[in-house]
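Trainee: Output the structure for:
(chains A and B)
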Amino acid sequence: MGASPDETAVEPEAETETETNNVLERTAQRAIQDPDTVYRWLTYVGIGFFVTASLFPFYWLFVLALTPNESIAGMGVVPKGFNPGAFLEVFEVVPFHRYMLNSIAIAAFSTVIVLTVGSIAGYVFGRYEFRGRLPLLFLILVISYFPPVAFLIPLFRLFTGEVALFGISSPQLYNTPWSIVMPLSAITMPLIIFLLTTFYRQIPDGLEDAARVEGSTRIGALRRIIVPLSAPGVATAGILTFIIVYNEFFFSYLMVNGTADNWSPVLHGIFAFQGTQQVAYNLMAAASIIGVIPMAVLVMIAQERIVSGLTQGALKE
Amino acid sequence: MSTEDRSSTVAQTQQTPRYRVDLAMLDWLERRSDTQFVYMMLVPVFALLGTMAIWPLLYTANISLHADSIATADPLGEFIVLQNYVDILAGEAHLQRPFFSLSNPFTSAAPVTLLYTGSVIAIETVLGLSMALILNKEFRGRRWVRVAMILPWAVPIVIQGMIFYLMFQPSIGFAVDPLSELGIISSTPLANSRDGLLIAIIADVWKQSAFMALLILAGLQSIDRNLYDVAEVAGASKLQQFRTITFPLVLPALLVALLFRTIDALKVYGLIEATAGCNTVPTLSCLVIDLWNGHRYGSAAAVAFIIATVIGVLLIGYLVQLRKQETGGQ
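Mentor: Numbers count the residues shown, from 1 in each chain, chains lettered A, B, ... in the order given. Next up is the predicted model:
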């Protein structure tokens, strides 16, 4: 932006020198005299490329969803027909709203658990120096690097009641939300703990000390000083957890049997369209669009939080 | 809980028969030492991580040392120490898809996973870096450009898979005909192992480049602007500025981003399942699921720990590199 006055100053000069200059030569000359113009144009080209590449697949989903399924063969990049009814049909062929609600409930339960447990841990790790602090943080870090397949076999046995402790077999959690909520809470926890630890660490010590000197209890100081000040960090952590759990595949796929009655999340709803009598590509596309909506809304209203949460959480780990 | 609260606790517990459990607990908690308090507060988090992560890892480690036992009710066969690992790495285990076979790299688990990981991080580094350089500039509508770029990152894996499944579905996808005429993919890309891998790579690049960009952007924004002014005065070109200032200072953030993406890519499962399927593109995680479905828990656990070991080696290598960066820079 800063270079624009130079550019306008150069332009008339070039024009008066040679009147027969065509656009190409003029541009080339301008580029040599002022390389910043080139970088600016490169930036615009880059923006155009990345925005198109990011958004084009969504556009194409719309194209597919709007095209009636009987004319869907050999699709180009424009819709063939206009059939907004597909977005309603999605809910009739498969109880897609149930899958959506299951997913949202699972993500919400996980968020509540992760925030409750994670903010206590983040508070302790961020504000207290104690023996074993670093080893414990390291243990949490190490857990977060294991692939989900390394947890699968025991957790599946645990949730299907095949693990016994003191003769009491584990509760049947397969086909309940908890078989997804519990492992995902644990897997999301490390990121959130690291995020909140840095966050709590940034709150000045003096405030809490002052409250303690005034005679407030530890919990009182926590509730009156720390909790209000940490609200932004906790909100960021909550949004990230919600997105991560909603988008997760592994446990969401394997820990339920795929029916809406058994708390199967949205991914099973989308796979359900593959099993219908005639493969309904337009419904798959419509369901995908509907499934993305909660995430799109979250990104639009909370992008600053998401960006800061992702970068801080990752870089601090 | 100020002083009044505490004295009233004491008063109530002493004088009135109404015993307030919550206040008594608070009072008790208040009388702990800092260390005791800290460990009390950490009970919930380690209860959760203990049952959902630490115990399962130990359990998996244990079964990976036992033979498969398909016939009996007990999932554990006899204790065979590292035989599962030896069999798998030597190619002697009977797997649905070979673990490692150079003659058909696109249908054996380790080469597929490594090809996938290598390709996605290479492409995402380049794209992420360019995205970050763009987002670091001031321009009108930057907020919305950023929203557009982050949006793919927030798409559920299953929908990401579905988009590319539809795009490369022979009867409807617009991408199939032109690309197969150019000879880049076959006419049924979702049924072909090499093309399936390519589709998964494209899908991952679409979704994850933004994550890479955000981490690199954080590194870019921490660079002192004055450095560029100095370079400008010294007559350095933009390219030289990038080489001598931007790149070295962004390198730590870039390394973190690379580490995250590498680990994530090595675990890939959902994207494959939602596009070409585990049979066509057999990654390491797919292999674990296949073995698990066949009730071959010992082998499944061993493959899972092979993935974990690869990740562990990478992590250590990365930490060493980072340490070197820190000491070398001073």
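Trainee: By proximity to chain A, which residue of chain B wins?
Mentor: Residue of chain B nearest chain A, by C-beta to the nearest C-beta: B:Gly270 (2.7 Å). Yep, even glycine has a C-beta here, placed from its N, CA and C like the rest.
Trainee: list the buried ones in stretch B:112-127?
Mentor: B:112-117, B:119-121, B:123-125, B:127 (16 or more other C-beta atoms under 10 Å in any protein chain shown).
Trainee: Put together JSON lines for the residues you listed, with secondary structure on each row.
Mentor: Listed next are the buried residues of stretch B:112-127 as JSON lines, based on DSSP: H, G, I helix; E, B strand; the rest coil:
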{"residue": "B:Val112", "secondary structure": "helix"}
{"residue": "B:Thr113", "secondary structure": "helix"}
{"residue": "B:Leu114", "secondary structure": "helix"}
{"residue": "B:Leu115", "secondary structure": "helix"}
{"residue": "B:Tyr116", "secondary structure": "helix"}
{"residue": "B:Thr117", "secondary structure": "helix"}
{"residue": "B:Ser119", "secondary structure": "helix"}
{"residue": "B:Val120", "secondary structure": "helix"}
{"residue": "B:Ile121", "secondary structure": "helix"}
{"residue": "B:Ile123", "secondary structure": "helix"}
{"residue": "B:Glu124", "secondary structure": "helix"}
{"residue": "B:Thr125", "secondary structure": "helix"}
{"residue": "B:Leu127", "secondary structure": "helix"}
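Trainee: can you redo those residues as CSV with pLDDT and distance to chain A?
Mentor: Putting the buried residues of stretch B:112-127 into CSV (pLDDT from 0 to 100; distance: C-beta to the nearest C-beta, whole Å) gives the following:
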residue, pLDDT, distance to chain A
B:Val112, 91, 15
B:Thr113, 92, 11
B:Leu114, 92, 15
B:Leu115, 93, 18
B:Tyr116, 94, 14
B:Thr117, 95, 12
B:Ser119, 95, 17
B:Val120, 95, 15
B:Ile121, 94, 15
B:Ile123, 96, 12
B:Glu124, 95, 13
B:Thr125, 94, 15
B:Leu127, 94, 8
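Trainee: and which of those is nearest to B:Ile223?
Mentor: Set against B:Ile223, the nearest of those by C-beta to C-beta is B:Thr125 (18.2 Å).
Trainee: Tell me which residue lies nearest the centroid of the chain.
Mentor: Using chain A. Residue closest to the mean C-alpha point of chain A, counted by C-alpha atoms, centre = their mean, is A:Ile243 at 3.8 Å.
Trainee: look at chain B instead
Mentor: Among the residues of chain B, the one closest to the centroid is B:Asp264, at 2.3 Å (C-alpha atoms, centre = their mean).
Trainee: which residues does that one contact?
Mentor: Taking C-beta atoms under 8 Å, 6 or more residues apart in numbering or on different chains as the criterion, B:Asp264 is in contact with B:Gln208.
Trainee: Which helix or which strand is home to it?
Mentor: In the assignment (DSSP states H and E), B:Asp264 maps to helix B:247-266.
Trainee: Domain boundaries for chain B, per the record?
Mentor: B:3-63, B:83-328 (automatic domain parsing).
Trainee: do you know which of the ones you listed lies nearest A:Val78?
Mentor: Once the domains of chain B are compared by C-beta to C-beta, domain B:83-328 is nearest, at 9.9 Å.
Trainee: Phi, psi for B:Ser64 please.
Mentor: phi -70, psi -20 (degrees, to the nearest 10).
Trainee: Surely it touches B:Gln83?
Mentor: No: contact criterion C-beta atoms under 8 Å: B:Ser64 and B:Gln83 do not qualify, at 10.2 Å.
Trainee: more neighbours, these two?
Mentor: Of the pair B:Ser64 and B:Gln83, B:Ser64 is the one with more neighbours under other C-beta atoms under 10 Å in any protein chain shown, namely 24 against 17.
Trainee: For the residue of the stretch 101-250 of chain A found nearest chain B, report the pLDDT, please.
Mentor: In the stretch 101-250 of chain A, the residue that lies nearest chain B is A:Phe249 (2.7 Å; C-beta to the nearest C-beta). pLDDT for A:Phe249: 92.
Trainee: Likewise for the one 5 residues further on?
Mentor: In the prediction, the pLDDT value recorded for A:Leu254 is 91.
Trainee: ok, now A:Pro147?
Mentor: 92.
Trainee: what does A:Gly313 give?
Mentor: Here the pLDDT value assigned to A:Gly313 is 73.
Trainee: Who's the closest spatial neighbour of it, skipping the chain neighbours?
Mentor: Closest residue to A:Gly313 apart from its sequence neighbours, by C-beta to C-beta, 6 or more residues apart in numbering or on different chains: A:Leu195 at 4.0 Å.
Trainee: Same question for A:Met255.
Mentor: A:Ser179 (4.1 Å).
Trainee: Can you name the helix or strand that the one you found falls in?
Mentor: Per DSSP H and E: helix A:178-201 holds A:Ser179.
Trainee: just checking, what packs against that helix?
Mentor: helix A:96-127, helix A:133-145, helix A:149-159, helix A:227-247, helix A:250-254, helix A:281-316, helix B:34-49 (3 or more C-beta pairs under 8 Å, 6 or more residues apart in numbering or on different chains; DSSP states H and E).
Trainee: do you know which of the ones you listed lies nearest B:Ala253?
Mentor: Short answer: helix A:281-316, nearest of the helices and strands packed on helix A:178-201 by C-beta to C-beta, at 6.4 Å.
Trainee: that older thread, mind checking pLDDT for the residue nearest to the centre of chain B?
Mentor: For B:Asp264, the predicted pLDDT is 90.
Trainee: Could you do A:Glu15 as well?
Mentor: pLDDT, read off for A:Glu15, is 47.
Trainee: Restrict stretch B:19-34 to CA atoms and write it as CSV.
Mentor: Taking Å, rounded to 0.1, in the frame of the first residue of the first chain, the C-alpha atoms of stretch B:19-34 are listed here in CSV:
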residue,chain,number,x,y,z
TYR,B,19,-22.6,-29.5,59.3
ARG,B,20,-21.8,-27.9,56.0
VAL,B,21,-19.9,-30.4,54.0
ASP,B,22,-18.8,-28.0,51.3
LEU,B,23,-17.4,-25.5,53.8
ALA,B,24,-15.7,-28.2,55.8
MET,B,25,-14.1,-29.4,52.6
LEU,B,26,-12.9,-26.0,51.8
ASP,B,27,-11.5,-25.5,55.3
TRP,B,28,-9.7,-28.8,55.1
LEU,B,29,-8.3,-28.0,51.7
GLU,B,30,-7.1,-24.6,53.0
ARG,B,31,-5.1,-26.3,55.7
ARG,B,32,-3.1,-28.5,53.2
SER,B,33,0.4,-27.5,52.3
ASP,B,34,0.9,-26.1,48.7
